[in-house]
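J.: got a predicted structure plus its sequence, pasted below:
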Amino acid sequence: MAGFERDALKTAGGALVAWWRATTLDALIVGALWWLGLTLIGVPLAPLWGMLGGLLQFIPNFGPVLSVCGPALALLFTDKDWYSYCWLLGLYGAIAAIDGLLIQPYLLKRTARVPWWAAFFGPIVLGIIIPFWGVLLAPPLLAIIYAFRKPKASQGG
């Protein structure tokens, strides 16, 4: 029985490492998107805000929203027009949509073998069942669940 438990812990640990790798890659990509978008908008200190936007990706639910606060304050203190705020909110919406619909599901598929549909619908379903914790725990739980699934045997002789 100890061997089975050790194998189970090794499988779950490997799945969590794969999920962490996907999350780190996601944060790097989102940070680069923030940096590029903020540079195009003309926000002061765009590299700093891009780096913070990437780091804040590690905070589920609240991190992406918090990543807008710094650039908004930078725009406020540089006396930019209101169109810059509209561009900033549009950038936030675009990054959130691209990240949630494309980047995260793709990275979970590549690193943790979680299918795209599960990575997309898992947080939604668990968020309905367990409002805050479901969204928070869905990606690592999906990585563990799909790590224990056996790969399909190859068809053919």
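T.: Okay, I see it.

J.: so which elements touch the helix or strand W87 falls within?
T.: Under the criterion of DSSP states H and E, W87 resides in helix 82-98. Secondary-structure packing of helix 82-98 (3 or more C-beta pairs under 8 Å, 6 or more residues apart in numbering; DSSP states H and E): helix 2-41, helix 63-77. In short, each C-beta sits where N, CA and C put it, glycine included.

J.: and the angle for the longest one with helix 63-77?
T.: If you take axes from the mean of the first three to the mean of the last three C-alpha atoms, to 10 degrees, helix 2-41 sits at 20 degrees to helix 63-77.

J.: so where is this protein shaky, pLDDT-wise?
T.: 1, 150-157 (pLDDT under 70).

J.: now render the helices and strands packed on helix 82-98 as CSV, adding distance to A118 and mean neighbour count.
T.: Below are the helices and strands packed on helix 82-98 laid out as CSV (distance: least, C-beta to C-beta, whole Å; neighbours: other C-beta atoms under 10 Å):
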stretch, distance to A118, mean neighbour count
helix 2-41, 13, 16
helix 63-77, 21, 16
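
J.: dump those helices to CSV, plus distance to Y85.
T.: Shown next, in CSV, are the helices and strands packed on helix 82-98 (distance: least, C-beta to C-beta, whole Å):
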stretch, distance to Y85
helix 2-41, 10
helix 63-77, 6
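
J.: on that earlier part again, which secondary structure elements does the helix or strand following the helix holding W87 contact?
T.: Where DSSP H and E defines the elements, the next helix or strand beyond helix 82-98 is helix 104-112. Under the contact criterion of 3+ C-beta pairs under 8 Å, 6+ apart, helix 104-112 touches helix 2-41, helix 116-129, helix 131-148.
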